[in-house]
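[1] Below: sequence and its predicted model.
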Amino acid sequence: MLPVIALVGRPNVGKSTLYNRLTRTRDAIVADFAGLTRDRHYGTGKVGPVPYLVVDTGGFEPVRPEGIVRHMASQAELAIEEADAVIFVTDARTGLAPQDHRIAQTLRESGRRVYLAVNKAEGLPASAAAEFYELGIGEPYLISAAHGQGIGSLMDDVLARFAPQPGEQPQGAGQPEPQEEGPRRVRVAIAGRPNVGKSTLVNALLGEERVVAYDMPGTTRDAIDVDFDYDGRAYTLVDTAGLRKKGRVFEAIEKFSVVKTLQAIADSNVVVLVIDAQSGVAEHDAHIAAYALESGRALVVAINKWDGLDRYQREQLDLQLELKLKFLHWARFVHISALKHNGLNHLMQAVHEAWEASQAKLSTPKLTRSLIEAVARQQPPRVGRVRPKMRYAHQGGSNPPVIVIHGNSLQAVGDSYRRYLESWFRDQFGLAGTPLRIEFRVNR
Ligand code: GDP
Ligand code: GDP
């Protein structure tokens, strides 16, 4: 499980600047997908050997002079409660503010491990930190989020507990580690807002005749993984955030945790994003999807409660999905009714295909031939006197697949041509259900 770092502090101290810096490694990927919501407060990152999940709690605080801490919305409180460490961000330019004392008080009571960052410290002497000892949080770290100073040593300390021990495999930010024995089980995370029908779906899947559900361990831990076989294929249902096991069945729990959802996604191979057809697409659905995309996970969208809609409503919903989840054009959308056990077979078929696609092995000759054909059908447009020249392609990674295209003047390739190539390769190699990255490399 990824360690969770929560950023806390009053407005304007630089939390989102720090958030951006801590999650920047991932931004390059996100930039490849136009139309993605960017205004998010959760992201993964890696500074040093340990990948982590960062939560910027700031977005949840009403910008009000009084009662900032008291009015922190519940997701922010939950994030702090679930955090492995909190970075308390303050401002070296304005110095200590009364709100800082109140936040420090709340954090002390939370019992979390708290690191005090004094931001905007570029060009300031070490003595600028002196007054911040007053907060009783311990040694202040002088940092500059904007200029990237002091971040490395702060994060070294924050993440020290999670560093791989000597001899242990370093954790990659990518896929969960493969299991050593038995068949390779595909790890599936069922994600979605409360009430969309996740527990109904899980129970329906595990109750299907074609399913062999292995004994669910009745554990007291929060995390429960359930192994099951569907149509002879081996799956593990990753600890599904927001569900709790009760006897033989799963039930929804009241507290919905974004953090747990994101951890489950990070811990999975394929994400099933469940959407409630009767209440439509919410911003939250798009955020979960965007996170799955950023993490490079294969994804299937399950449009649940399809049973309750008439024809007009179905058409309206499909339009809405197309508009709001445009950035998931590559994913399968499966209409299901978890309640009536409709569409489950289609859903699991789509999960299987998405997984296969994410694992695709594409040989250099095949890719290159396909690239040459794509270019023959449609040349990249000239930019001034330059026309980009594509020579060959190879696979630069999988999970998700990365196609690297080599040639000259490729920096001049525009977004629309990149999209053309992406959909060309998707068609040619049957890559539905997985994110796909196209990279250009200029030969020297
Ligand atoms: P938030 O409200 O806590 O999320 O704060 P922001 O990240 O939006 O930053 C508030 C302002 O402080 C912005 O104008 C930033 O450019 C500025 N800022 C953030 N980090 C630094 C820094 O390290 N040095 C300086 N001088 N300004 C910074
Ligand atoms: P969760 O919070 O995402 O786990 O949602 P639940 O599985 O608890 O379902 C929330 C409500 O939606 C319950 O009342 C379910 O009976 C209902 N529900 C779930 N799936 C369907 C479905 O396919 N059709 C209809 N009409 N209702 C459903």
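    Received it, and whenever you're ready, just let me know what you need. Ligands and ions are numbered 1, 2, ... in the order given.

[2] Just checking, which helix or strand succeeds the strand or helix carrying Glu422 along the chain?
    Element membership of Glu422 [criterion: DSSP states H and E] is helix 415-429. Downstream of helix 415-429, the next assigned helix or strand under DSSP H and E is strand 437-442.

[3] buried sites along that next one?
    Arg437, Ile438, Glu439, Phe440 (16 or more other CB atoms under 10 Å). Every C-beta, even on glycine, is put in place using the N, C-alpha and C of the backbone.

[4] and ligand 1, which of those reach it?
    Among these, not one lies near ligand 1 by CB under 6 Å from any ligand atom.

[5] among the helices and strands of this structure, which has the poorest mean pLDDT?
    Sorted by mean pLDDT, DSSP states H and E, the helices and strands of the chain end with helix 24-31, the least confident at a mean of 48.

[6] circling back: save the buried residues of strand 437-442 as CSV, and put in distance to Arg418 too.
    Below are the buried residues of strand 437-442 laid out as CSV (distance: CB to CB, whole Å):
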residue, distance to Arg418
Arg437, 10
Ile438, 6
Glu439, 10
Phe440, 8
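
[7] Of all pairs in the residues you listed, which one spans the longest distance?
    Greatest spacing in those, by CB to CB: Arg437 and Phe440 (10.8 Å).

[8] Point to the residue nearest the middle of this structure.
    Tyr291 (2.8 Å; CA atoms, centre = their mean).

[9] pLDDT (mean, whole number) over the top strand by length along the chain?
    Determined from DSSP state E, the single longest strand within the chain is strand 389-397. The pLDDT scores in strand 389-397 average 94.

[10] outside of it, which residues touch it?
    361-364, 367-368, 370-372, 375, 380, 401-410, 437, 439, 443 (CB atoms under 8 Å, 6 or more residues apart in numbering).

[11] Could you list the buried residues of that strand?
    By neighbour count on 16+ other CB under 10 Å, the buried set for strand 389-397 is Met390, Tyr392, Ala393, His394, Gln395.

[12] And stretch 199-207, by the same measure?
    Here stretch 199-207 shows Ser199, Thr200, Leu201, Val202, Asn203, Ala204, Leu205, Leu206 as buried, counting by 16+ other CB under 10 Å.

[13] Check stretch 354-372 too.
    Ala354, Trp355, Glu356, Ala357, Ser358, Gln359, Ala360, Leu362, Leu367, Thr368, Ser370, Leu371.

[14] Surely the first one is within a helix?
    Yes: counting by DSSP: H, G, I helix; E, B strand; the rest coil, Ala354 falls inside a helix.

[15] I am assuming it contacts Ala298, so please confirm or correct that.
    Yes: here Ala354 reaches Ala298: they are 3.9 Å apart, a contact under CB atoms under 8 Å.

[16] quick one: common contacting residues for these two?
    Residues touching both Ala354 and Ala298 by CB under 8 Å, 6+ apart: Val270, Gly433, Thr434.

[17] Does the first one have any beta-bridge partners, and if so which?
    Meaning Val270. Legend: beta-bridge partners of Val270 under DSSP bridges are Val188, Ala298.

[18] where does the stretch 301-444 of the chain have low pLDDT?
    When residues are selected by pLDDT under 70, those of the stretch 301-444 of the chain lie in 444.

[19] Ligand 1 contacts on the protein?
    Checking the chain against ligand 1 by CB under 6 Å from any ligand atom, the hits are 9, 11-17, 58, 119-120, 122, 144-147.

[20] Mark which of those are part of helices, please.
    When these are checked against helices (DSSP state H), the matches are Lys15, Ser16, Thr17.

[21] May I see the buried residues of stretch 316-325?
    Leu317, Leu321, Lys324, Leu325.

[22] repeat for stretch 402-416
    Neighbour-count burial for stretch 402-416 [16+ other CB under 10 Å]: Val402, Ile403, Val404, Ile405, His406, Gly407, Ser409, Leu410, Ala412, Val413.

[23] and the angle from whichever strand or helix holds the fifth one to strand 437-442?
    Assigned by DSSP H and E, His406 belongs to strand 402-408. Taking axes from the mean of the first three to the mean of the last three CA atoms, to 10 degrees, one finds that strand 402-408 is oriented at 20 degrees with respect to strand 437-442.

[24] partners of strand 402-408 in the sheet?
    strand 389-397 (antiparallel), strand 437-442 (parallel).
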